[in-house]
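Enquirer: give me a 3D structure for the following:
(one chain, ligands or ions: 1)
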Amino acid sequence: MKPDYDVAVVGAGPIGLATAILLAKVAGIPAASIIVYDRRIPDALDPRHLPPVDLRVFALSRASEKILRAAGAWDDIARTRSAPYERMHVWHADVPPHGGDALVFDAAEMGERDLGIIAENIVLQAALAGAARRLGVVLADGEITALEHERDAVRLRAGERDVRARVVVGADGAQSRVRELAGLSVSRTDYGQTALVATVSTAKAHQHTAWQRFLGDGTLAFLPLAGGHSSIVWSIPTARAQQLLHATPEEFERALEKDFDSALGRVKLESERAQFPLWRLAASQYISTRVALVGDAAHVVHPLAGQGANLGLLDAAALADVLGEALRTGEDPGAERILRRYERWRRSENDLMSGAIDAFDRLLARGSGRVAEIAQRGMPWVGRSTLAKRLFIERAMGLSGELPLAAR
Ligand SMILES: Cc1cc2nc3c(=O)[nH]c(=O)nc-3n(C[C@H](O)[C@H](O)[C@H](O)COP(=O)(O)OP(=O)(O)OC[C@H]3O[C@@H](n4cnc5c(N)ncnc54)[C@H](O)[C@@H]3O)c2cc1C
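Expert: Numbers count the residues shown, from 1 in each chain. From the prediction side, this is the model:
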């Protein structure tokens, strides 16, 4: 029996939607033969009725910009409450914020107009949902509760109905049901930290700079938003995060200002506070028979480097390249040999980044002892070395490593 769809993507988060679009645009799979399921499909972006502000924001790299351009969603994202950031300013709690020991990465020094943009999760999702709809990708409400391997397809239970697809993509986030149903195990490390996020205003202008202070027991980032506001990501031990979540706005502002060493003067809370428990997660394998994992379903990294969604978009683009090549040479895109190519490519890149971020957290953000001290002393050295800075920034912008077509 012929499968109902070539590909079923589970999860209409940014990574699932981008995967579906790139499978149509880059791999050449007919859009009407791709279905995306989610418990609730996001509405397409409508400039006359913008969604409420989402506290969950992402720093998107240059590689992500290229991928989102290829997906036909970039213009909507860039014009909707997003802001470019031109500089990164990083310093350790032991040194003053504006002294010579702070590490500053400037887009102009690298010959770039900016280092990326800060955009809301809901804007990304809505822009991608609109692009997918325009293309003719099928978007369907439905929770996936069962998965069964057949000889030439995978059968999914989606809400009340069964659907068969030649390939299933698990883009259903950190708690991925597809991963579990496909029997793929994960290694998971609890950071013992929670990230508090909120929108704030500051007495001094943010200068289109992403600010980050390593605290000794965590990290605090101020990301520049449109309209002069900033989005904070404050990753600290969970017990302290709980206290701050329930503190009065004035107590919260005072603690925030202190942890930020008043780098931008007085801080005022402008929104609710939201929390995200932090862990590191890596799927033992990204694939099983006719199933591939992308985005947080495959890997979750600490947010201190702002890389989770950026890595997921590279997964989406890489999977489109691999499946596209298989189709062009007349091979079965669900064959293990084909999916294994995707896994080898993305797992090595993601493991490398995840390990580096973990080392930043252990040595710079929370480190104590001799090795941490050496790493912390090394920060100003990186700042003075043009080569080290360039290598660092190219990685952060997603411009090194093996790049998929859409990211070039
Ligand atoms: C505090 C914080 C700050 C961050 N900052 C950045 C940053 O600056 N830059 C960056 O690149 N990344 C950042 N990240 C990481 C980023 O949030 C994630 O990597 C990204 O959201 C993952 O997207 P996704 O599409 O893979 O998963 P998700 O966004 O989790 O989407 C999964 C989707 O699957 C659906 N789903 C789940 N189960 C089912 C099911 N059984 N059936 C149907 N649908 C299902 C869900 O409803 C959801 O819509 C940050 C993360 C945190 C916690």
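Enquirer: I'd say residue 78 and residue 117 touch.
Expert: Yes - Residue 78 lies in contact with residue 117 (Cβ atoms under 8 Å); the separation is 6.7 Å. (Each C-beta comes from the backbone N, C-alpha and C, glycine too.)
Enquirer: neighbour-wise, which of these two wins?
Expert: Between residue 78 and residue 117, residue 117 has the larger neighbour count (other Cβ atoms under 10 Å), namely 23 against 18.
Enquirer: ramachandran coordinates for the residue in the stretch 1-150 of the chain positioned nearest to the ligand?
Expert: Nearest residue of the stretch 1-150 of the chain to the ligand: residue 13, at 2.2 Å (Cβ to the nearest ligand atom). Torsion angles at residue 13 (phi, psi; degrees, to the nearest 10) stand at phi -70, psi -180.
Enquirer: for residue 383, give me the pLDDT.
Expert: Here, the pLDDT recorded for residue 383 equals 69.
Enquirer: settle this for me: residue 134 is touching residue 72, isn't it.
Expert: Yes - Residue 134 sits in contact with residue 72 when judged by Cβ under 8 Å, with a separation of 7.2 Å.
Enquirer: ok, residue 60 - contacts?
Expert: Shown in contact with residue 60 (Cβ atoms under 8 Å, 6 or more residues apart in numbering): 68, 77, 116, 117, 118, 119, 124, 309, 310.
Enquirer: and residue 201, by the same measure?
Expert: Contacts for residue 201 were tallied using Cβ under 8 Å, 6+ apart; they are 228, 229, 230, 267, 268, 270.
Enquirer: and it, what pLDDT?
Expert: For residue 201, the pLDDT comes out at 97.
Enquirer: three-state assignment of it?
Expert: Here residue 201 is recorded as strand under DSSP: H, G, I helix; E, B strand; the rest coil.
Enquirer: name the nearest residue to it, ignoring sequence neighbours.
Expert: residue 268 (4.9 Å; Cβ to Cβ, 6 or more residues apart in numbering).
Enquirer: that neighbour sits in which helix or strand?
Expert: Counting by DSSP states H and E, the element that carries residue 268 is strand 267-269.
Enquirer: neighbouring contacts of that strand?
Expert: In contact with strand 267-269 (Cβ under 8 Å, 6+ apart) are residues 198, 199, 200, 201, 202, 203, 249, 252, 253, 256, 257, 260.
Enquirer: out of these, grab the one that's most surrounded.
Expert: Compared across the contacts of strand 267-269, residue 260 has the highest neighbour count, 24 neighbours, by other Cβ under 10 Å.
Enquirer: measure that residue to residue 219 for me?
Expert: As judged by Cβ to Cβ, to the nearest Å, residue 260 and residue 219 stand 11 Å apart.
Enquirer: who touches both of the two?
Expert: residue 213.
Enquirer: which residue sits closest to the residue nearest the centre of the chain, ignoring its sequence neighbours?
Expert: For the chain, residue 309 is the residue whose C-alpha lies nearest the centre (Cα atoms, centre = their mean; 1.4 Å). In space, and not counting its chain neighbours, residue 309 is closest to residue 58: 4.8 Å by Cβ to Cβ, 6+ apart.
Enquirer: the one you found bridge partners, please.
Expert: residue 119 (DSSP bridges).
Enquirer: ok, it - contacts?
Expert: So residue 58 contacts 14, 118, 119, 120, 121, 124, 306, 308, 309, 310 (Cβ under 8 Å, 6+ apart).
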